[in-house]
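[1] Quick check, what structure comes out for this input:
(chains A and B)
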Amino acid sequence: DTAVSQTPKYLVTQMGNDKSIKCEQNLGHDTMYWYKQDSKKFLKIMFSYNNKELIINETVPNRFSPKSPDKAHLNLHINSLELGDSAVYFCASSQAFGEQFFGPGTRLTVL
Amino acid sequence: KNEVEQSPQNLTAQEGEFITINCSYSVGISALHWLQQHPGGGIVSLFMLSSGKKKHGRLIATINIQEKHSSLHITASHPRDSAVYICAVDGNQFYFGTGTSLTVIP
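    Sure, this is the predicted structure:
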């Protein structure tokens, strides 16, 4: 049983397109996160979502929007994709702001 | 300057050696995390700590809040410990170190 799952694992798309990455956790956690890992392997938090409170990293462009249909899901929508959006995106979850469990990552390539 | 600094950036050790990875941070924090990223890319949380010391098997993590410093120790290192170890702190937002790439040679 996968604790935190992401789909798709790989996503290749053209500049200007709109795409979504899905994240689901079956741990019963109440907090979920999205992270971006760039080509230099540097991780940066994008969003955290806890009990319907969204905390946004102010450096994230507003082309990125998280959407949570329920506590077990936090999907990432990206509009008007740019070359610089190419990265690996990780979803994670935790109970409150405790230990985090990470998804396997989604490698996004924008051509 | 990055809010979280790790050293060393790269580390090569012989199997069985005792390994220390250091993390210093410059912001006020509620907790510090040590993460392991496998060569395949998956990320695993090793420790979350806000004071003192924690131990899981051959891994030990310590934190000194006054000095804003944490260390991750690996005793009796093994080739399967080869990975990138990342320090992250939970301040007013989450900050990550640049990681320490560890290679353990048989």
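
[2] phi, psi of the residue positioned nearest the centre of chain A?
    Among the residues of chain A, the one closest to the centroid is residue A:34, at 3.4 Å (CA atoms, centre = their mean). With angles defined as degrees, to the nearest 10, residue A:34 sits at phi -120, psi 130.

[3] That one and residue A:46 touch, don't they?
    Yes. Between residue A:34 and residue A:46 there is a contact under CB atoms under 8 Å: 4.4 Å. Every residue, glycine included, has its C-beta placed from N, CA and C.

[4] Find residues that contact each of the two.
    In terms of CB atoms under 8 Å, 6 or more residues apart in numbering or on different chains, residue A:34 and residue A:46 are both contacted by the residues A:66, A:76, A:89.

[5] Which strands or helices does the least confident helix or strand in chain B by mean pLDDT pack on?
    Here the helix or strand of chain B ranked lowest by mean pLDDT, DSSP states H and E is strand B:94-96, holding a mean of 91. Under the contact criterion of 3 or more CB pairs under 8 Å, 6 or more residues apart in numbering or on different chains; DSSP states H and E, strand B:94-96 touches strand A:43-50, strand B:83-90.

[6] So what touches that strand?
    Contact with strand B:94-96 is made by A:33, A:42-45, A:48, B:2-4, B:25, B:27, B:86-89, as judged by CB under 8 Å, 6+ apart.

[7] still on that earlier bit, show me what the residue nearest to the centre of chain A bridges to in the sheet.
    residue A:47, residue A:91 (DSSP bridges).

[8] List the buried residues of the one helix or strand in chain A whose mean pLDDT sits lowest.
    When the helices and strands of chain A are scored by mean pLDDT, DSSP H and E, strand A:53-56 comes last with a mean of 81. Residues residue A:56 are the ones in strand A:53-56 that count as buried (16 or more other CB atoms under 10 Å in any protein chain shown).

[9] Now do that strand: which elements does it pack against?
    Short answer (3+ CB pairs under 8 Å, 6+ apart): strand A:53-56 packs on strand A:43-50.

[10] Does anything pack onto whatever helix or strand residue B:101 lives in? Which helices or strands?
    Taking DSSP states H and E as the criterion, the element that holds residue B:101 is strand B:100-105. Contacts defined by 3+ CB pairs under 8 Å, 6+ apart place strand B:100-105 against strand B:10-14, strand B:19-25, strand B:83-90.
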